[in-house]
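Student: sequence plus the predicted model coming up.
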Number of protein chains: 2
Amino acid sequence: MTPQRKQKLISTLERRQPDLQLITDQVHKSRNLAALIRTCDAVGVPYVHSVAPKTGYGYSGTAKGSDRWVKTIHHETCEEAIQQARSKGMKVYAAHFSERAVDYRDVDYAIPCAILMGSEKEGVSQEAADMADQHILIPMMGMVGSLNVSTAAGIIMVEAQNQRLKAGLYNESRLDPQEFKDTIFEWSCP
Amino acid sequence: MTPQRKQKLISTLERRQPDLQLITDQVHKSRNLAALIRTCDAVGVPYVHSVAPKTGYGYSGTAKGSDRWVKTIHHETCEEAIQQARSKGMKVYAAHFSERAVDYRDVDYAIPCAILMGSEKEGVSQEAADMADQHILIPMMGMVGSLNVSTAAGIIMVEAQNQRLKAGLYNESRLDPQEFKDTIFEWSCP
Ligand SMILES: C[S@@+](CC[C@H](N)C(=O)[O-])C[C@H]1O[C@@H](n2cnc3c(N)ncnc32)[C@H](O)[C@@H]1O
Ligand SMILES: C[S@@+](CC[C@H](N)C(=O)[O-])C[C@H]1O[C@@H](n2cnc3c(N)ncnc32)[C@H](O)[C@@H]1O
């Protein structure tokens, strides 16, 4: 590995945000998951919690190799994923159409939080929506009722990035030192 | 048609932004185009100018019927699409990685403008990039060099929407009255 490459790995890891995570509730098209994971890498989200769709995953997608840089953690149920995030002190924001939804720019992403995205057909499941701390929405002006899930996730994650840039959260390494070392090792393997 | 449906068509048309358009420079996967068009509908972008890829279009996608609400205008070359936007008084912002690129939030989308997106593999072509008034970029913190094109377009278009909401541009009808009438007629056909 060239010194430049090594430096790129290190400076990327120094910007990783362990307390910003994504949960996907039965998103089943792998091309949507692939686009999601690519955005996670770009924003510095190190983990995607993926709740397996009852019907299995479908289609193929281009993660552009970003699945190498973002870990997917599989869960049987969304409750399990939410409880795990909670136990690490994270708030859960569900991207969900409901009476209690607020504009996605009106919540604080600089605190530890997980963003919960719903499936292509059904959206966020009722049980998961009930468990979420807050519901968030991107305002829509058109005829169609929803955005593509990976587009919506991208819009929300980049808002989180903007808030975290302002808060200085990309300025110093935020990973646990042991995890930092382990990940550099893993990323360095050919 | 129910009166509610008719009212929905009218209020959607009243929020359409004829002076905010999208140009795609040889984006070839129709699932990316489909997601793009769905976001255009949501933001109120009435036209997509699509420059045909030399290799033809590929794959299929889910526009969720939004191609009914957003007109696609086909062009042979990107120069043609850019010149047409210019002749209508629009600035052209190219989403393009270059030395002169600025943060995508630092340009004014409340003025008449067209957002130019590049193809999956090649990005914005050199000739089109040279013609653009400004280059814009979404900051990236990760290993992979670019976002999915429909994700990037969604992030930029929703920023445009936010600026236009603040500027009050969704508060009153902005379409030419004849176009308004023609579109209501077209949209009302079963
Ligand atoms: C295609 S949508 C699901 C639509 C489903 N019919 C519903 O009513 O929830 C898939 C997911 O994308 C996200 N999403 C789509 N549009 C959104 C918007 N405008 N604001 C917030 N999230 C959105 C949500 O997480 C949603 O569950
Ligand atoms: C997959 S990218 C093309 C990558 C290509 N290899 C290049 O270097 O331009 C497709 C298009 O998405 C848009 N895009 C992707 N990431 C972007 C970002 N971070 N900022 C602005 N536009 C982006 C650009 O319009 C780009 O041309």
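Tutor: Yep, that arrived. Ligands and ions are numbered 1, 2, ... in the order given.
Student: helix or strand for the residue of chain A found nearest ligand 2, which one?
Tutor: Ligand 2 sits closest to A:Ala42 of chain A, with a gap of 6.9 Å, by Cβ to the nearest ligand atom. From N, CA and C alone the C-beta is placed, and that goes for glycine too. According to DSSP states H and E, A:Ala42 maps onto helix A:30-43.
Student: same check, this time on A:Phe97
Tutor: Using DSSP H and E, no helix or strand contains A:Phe97.
Student: residue contacts, the residue of chain A closest to ligand 2?
Tutor: B:Ile138, B:Met140, B:Met141, B:Gly142, B:Val144, B:Leu147 (Cβ atoms under 8 Å, 6 or more residues apart in numbering or on different chains).
Student: surely A:Gln21 is in contact with A:Ala85?
Tutor: Yes - with contact defined as Cβ atoms under 8 Å, A:Gln21 and A:Ala85 form a contacting pair (6.4 Å).
Student: what do the two both touch?
Tutor: In contact with both A:Gln21 and A:Ala85: A:His49, A:Ala114, using Cβ under 8 Å, 6+ apart.
Student: could you pull out the helices for chain A?
Tutor: Under the criterion DSSP state H, helices of chain A are mapped to A:3-14, A:30-43, A:78-87, A:126-131, A:149-166, A:177-188.
Student: show me what the most centrally placed residue in chain A bridges to in the sheet.
Tutor: Centrality entry for chain A: nearest residue to the mean C-alpha point is A:Leu22, 2.5 Å, by Cα atoms, centre = their mean. Beta-bridge pairing of A:Leu22 under DSSP bridges involves A:Val48, A:Ile115.
Student: right, and it touches A:Ile115 too?
Tutor: Yes - between A:Leu22 and A:Ile115 there is a contact under Cβ under 8 Å: 5.4 Å.
Student: the nearest residue to A:Pro139 once chain neighbours are set aside and B:Val158, how far apart?
Tutor: Nearest non-adjacent residue to A:Pro139, counting by Cβ to Cβ, 6 or more residues apart in numbering or on different chains: A:Asp103, 6.5 Å away. Using Cβ to Cβ, to the nearest Å, we find A:Asp103 at a distance of 11 Å from B:Val158.
Student: which of those two has more residues huddled nearby?
Tutor: B:Val158 (26 against 12; other Cβ atoms under 10 Å in any protein chain shown).
Student: ok, that one touching A:Ile155?
Tutor: Yes - contact criterion Cβ under 8 Å: B:Val158 and A:Ile155 qualify, at 5.0 Å.
Student: shared neighbours, those two?
Tutor: Residues touching both B:Val158 and A:Ile155 (Cβ under 8 Å, 6+ apart): A:Ile138.
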